[in-house]
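A.B. asks: This is a predicted model, with the sequence first.
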Amino acid sequence: MRLERVTATAAALELLASLEAEHGPLMFHQSGGCCDGSSPMCFPRSEFRVGSRDVHLGWVADTPFYMSGPQYEYWKHTHLTVDVVPGRGSGFSVEAPRGVRFLIRSRLYDEAESALLEAEGDPPRGEAEVRAS
């Protein structure tokens with residue numbers, strides 16, 4: 001059994017479906033950089049290049065979720081839930097024109113989950129590994 005590292009609320013999934021109908025296939029990336037970098041940014045999949053150090057945490061519906069390698073080191077002990085709240089972020093995420101923004105809610109893994117993750121090892125890095133799996 002693989003443990004999901006990232007999930008989403010019903011509101012986030014509803015928004016994501018609406019955005020995909022408008023923009024086509026999307027992806028999430030959380031960089032940890034400046035501005036809203038600690039929030040998940042949602043981009044058209046064809047317009048964002050995944051780096052070799054980016055970590056593929058999993059899927060939110062049919063949308064891949066990546067995090068920068070250094071940011072992953074800080075967050076790897078937490079389960080992430082993508083949610084949506086009113087307000088505009090300062091990034092270039094596709095939901096911004098709608099007056100809402102994605103954000104992350106997190107919780108620490110419990111001991112059993114941590115043991116499962118330890119047995120699984122780190123998630124794949126870079127886009128090529130994810131597409132091949």
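C.D. replies: Nice, I can see it. Residues are numbered from 1 along each chain as shown.
A.B. asks: Run through the residues that contact the nearest residue to M67 once chain neighbours are set aside.
C.D. replies: If the residues on either side of it in the chain are set aside, M67 comes closest to Q30, at 4.6 Å by CB to CB, 6 or more residues apart in numbering. Just so you know, the C-beta spots here come from the backbone N, C-alpha and C atoms, and that holds for glycine as well. Contact analysis of Q30 by CB atoms under 8 Å, 6 or more residues apart in numbering lists G37, S38, S39, P40, M41, F65, Y66, M67, S68, Q71, I104.
A.B. asks: Kindly list the longest helix within the chain.
C.D. replies: Here the longest helix in the chain is taken by residue count, with DSSP state H as the criterion, and it is helix 10-23.
A.B. asks: Show me what that one is in contact with.
C.D. replies: Contacts of helix 10-23 with the rest of the structure, by CB under 8 Å, 6+ apart, involve 8, 26, 42, 44, 60-63, 82-84, 94-95, 98, 100, 102.
A.B. asks: count of residues packed around T9?
C.D. replies: For T9, the tally of surrounding residues (other CB atoms under 10 Å) stands at 13.
A.B. asks: isn't it right up against A61?
C.D. replies: No: because the distance of 11.8 Å does not satisfy CB atoms under 8 Å, T9 is recorded as not touching A61.
A.B. asks: Quick one: residues contacting the nearest residue to R53 once chain neighbours are set aside.
C.D. replies: Residue nearest to R53 in three dimensions, not counting chain neighbours: G69, with 3.7 Å by CB to CB, 6+ apart. Shown in contact with G69 (CB under 8 Å, 6+ apart): R53, D54, V55, R125.
A.B. asks: Identify, from those, the entry nearest to A112.
C.D. replies: Taking CB to CB as the measure, A112 lies nearest V55 of those, at 22.3 Å.
A.B. asks: what about the residue nearest to the closest one when sequence neighbours are not counted, helix or strand, and which?
C.D. replies: Counting by CB to CB, 6+ apart, Y72 is the residue found nearest to V55 once chain neighbours are left out, at 4.3 Å. Taking DSSP states H and E as the criterion, Y72 maps to helix 69-75.
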